[in-house]
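A.B. asks: 3D, please:
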Amino acid sequence: MQAAGGAPLSGADPARPNRARRIALLVVVATVIYALDQVSKFLVVRFLEHEEPLTVVPGALVLTVIRNAGAAFSIGTGMTIVFTVIALTVVVAIVRTARQLRSLPWAITLGLLLGGAVGNLTDRIFRSPAPFQGHVVDFIQAFPVTRFPVFNVADSAIVCGGALAVFLAWRGYQIDGTRQIEEETSGTGAEHGTAEHTAAEPTGTETREESRGEAPEQHREQAGDRSRERADG
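C.D. replies: Numbering: from 1, shown residues only. The predicted structure follows:
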């Protein structure tokens, strides 16, 4: 049903369903990342902690459990409280940003960041040695010969989400579903079209000058015709 003038009685915003789907995708991605992170940590703590490292792919992938008091990839150990506060701030910022979300790529990006941040935040809040000072469980060691830091599923999601966010920002994709480059191009095209239209239109002064320039020539032609008629006669 519609009210007078064709306005829907419900007053529904056409963009709202699109935003709802994007937020739902964000939640699904974040939930999957969080579940993978927590289940994998539970399993490695249960079966691999205090055991010899497990070689999955020789020279490429080894599972070894460590407790990390710092940030991702064992950076900044000894600053657990600081990183806990930062993780809480990131989670709040992502939730607030989601209110403007209408972009599919950004929904995946924010889902990766949110799932990873909440996964490590759970460790910091609930694991030993104390609440909000817990050590994060890391267990994935890639290419041991390179001495690359040990990490977990949440760390991987955060890194992938951060890289994707940089790429989207570089390409001009906005969280609200628009693209900055397209907006600038369309705006420039409109300006050029206006300028060309203005240049193509003759001014009133030019029209009058052309009319005045053509009138004497027409009079001369008419006079020549009359002279030839008299000569013929």
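A.B. asks: what helix or strand is the closest residue in space to Val28 that isn't next to it in sequence on?
C.D. replies: Of all residues not flanking Val28 in the chain, Gly111 sits nearest, at 7.0 Å (Cβ to Cβ, 6 or more residues apart in numbering). C-betas here are computed from N, CA, C, even on glycine. Using DSSP states H and E, Gly111 sits within helix 104-126.
A.B. asks: quick one: average confidence on the longest helix seen in the chain?
C.D. replies: Secondary structure of the chain per DSSP state H: the longest helix is helix 15-47. For helix 15-47, the mean pLDDT works out to 93.
A.B. asks: what's the helix holding Gly111 packed up against?
C.D. replies: helix 15-47, helix 80-97, strand 136-142, helix 153-171 (3 or more Cβ pairs under 8 Å, 6 or more residues apart in numbering; DSSP states H and E).
A.B. asks: outside of the last one, which residues touch it?
C.D. replies: With Cβ atoms under 8 Å, 6 or more residues apart in numbering as the test, helix 153-171 has contacts from 33-34, 36-37, 40-41, 72-73, 103, 105-106, 108-113, 115-117, 119-120, 136, 138, 140, 179, 181.
A.B. asks: so can I have a markdown table of the helices and strands packed on helix 104-126 showing distance to Leu54?
C.D. replies: Below are the helices and strands packed on helix 104-126 laid out as a markdown table (distance: least, Cβ to Cβ, whole Å):
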| stretch | distance to Leu54 |
| --- | --- |
| helix 15-47 | 9 |
| helix 80-97 | 27 |
| strand 136-142 | 9 |
| helix 153-171 | 16 |
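A.B. asks: Format these as TSV; extra columns: mean neighbour count.
C.D. replies: Below are the helices and strands packed on helix 104-126 laid out as TSV (neighbours: other Cβ atoms under 10 Å):
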stretch	mean neighbour count
helix 15-47	16
helix 80-97	15
strand 136-142	22
helix 153-171	18
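A.B. asks: Show me the one of the ones you listed that comes nearest Arg67.
C.D. replies: Closest approach to Arg67 among these (Cβ to Cβ): strand 136-142, 6.5 Å.
A.B. asks: Low-confidence ranges, the chain, go.
C.D. replies: Residues of the chain meeting the criterion pLDDT under 70: 1-17, 70-80, 181-233.
A.B. asks: quick one: which of the helices and strands packed on helix 104-126 is nearest Thr64?
C.D. replies: strand 136-142 (5.5 Å).
A.B. asks: packing partners for the closest one?
C.D. replies: Using 3+ Cβ pairs under 8 Å, 6+ apart, strand 136-142 is in contact with helix 15-47, strand 61-68, helix 104-126, helix 153-171.
A.B. asks: Which strands or helices does the first one pack on?
C.D. replies: It refers to helix 15-47. So helix 15-47, by 3+ Cβ pairs under 8 Å, 6+ apart, packs with strand 61-68, helix 104-126, strand 136-142, helix 153-171.
A.B. asks: Throw those into JSON lines and include distance to Ile86, thanks.
C.D. replies: Below are the helices and strands packed on helix 15-47 laid out as JSON lines (distance: least, Cβ to Cβ, whole Å):
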{"stretch": "strand 61-68", "distance to Ile86": "15"}
{"stretch": "helix 104-126", "distance to Ile86": "9"}
{"stretch": "strand 136-142", "distance to Ile86": "13"}
{"stretch": "helix 153-171", "distance to Ile86": "12"}
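A.B. asks: looking at these, which is closest to Val82?
C.D. replies: Val82 lies closest to helix 104-126 among those, at 10.6 Å (Cβ to Cβ).
A.B. asks: CA-only coordinates of the closest one in PDB, if you can.
C.D. replies: Output of helix 104-126 as PDB, limited to C-alpha atoms (Å, rounded to 0.1, in the frame of the first residue of the first chain):
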ATOM      1  CA  LEU A 104      30.700  -6.700   0.100                       C
ATOM      2  CA  PRO A 105      34.500  -6.600   0.100                       C
ATOM      3  CA  TRP A 106      34.500  -4.400   3.200                       C
ATOM      4  CA  ALA A 107      32.100  -6.800   4.900                       C
ATOM      5  CA  ILE A 108      34.600  -9.600   4.400                       C
ATOM      6  CA  THR A 109      37.500  -7.400   5.500                       C
ATOM      7  CA  LEU A 110      35.900  -6.200   8.700                       C
ATOM      8  CA  GLY A 111      34.800  -9.800   9.400                       C
ATOM      9  CA  LEU A 112      38.400 -11.000   9.200                       C
ATOM     10  CA  LEU A 113      39.600  -8.200  11.500                       C
ATOM     11  CA  LEU A 114      36.700  -8.700  14.000                       C
ATOM     12  CA  GLY A 115      37.100 -12.400  14.200                       C
ATOM     13  CA  GLY A 116      40.800 -12.200  14.700                       C
ATOM     14  CA  ALA A 117      40.700  -9.500  17.200                       C
ATOM     15  CA  VAL A 118      38.000 -11.200  19.300                       C
ATOM     16  CA  GLY A 119      39.900 -14.500  19.100                       C
ATOM     17  CA  ASN A 120      43.100 -13.100  20.600                       C
ATOM     18  CA  LEU A 121      41.100 -10.900  23.000                       C
ATOM     19  CA  THR A 122      39.400 -14.000  24.400                       C
ATOM     20  CA  ASP A 123      42.800 -15.400  25.200                       C
ATOM     21  CA  ARG A 124      43.900 -12.200  26.900                       C
ATOM     22  CA  ILE A 125      40.800 -12.000  29.100                       C
ATOM     23  CA  PHE A 126      40.400 -15.700  30.100                       C
END
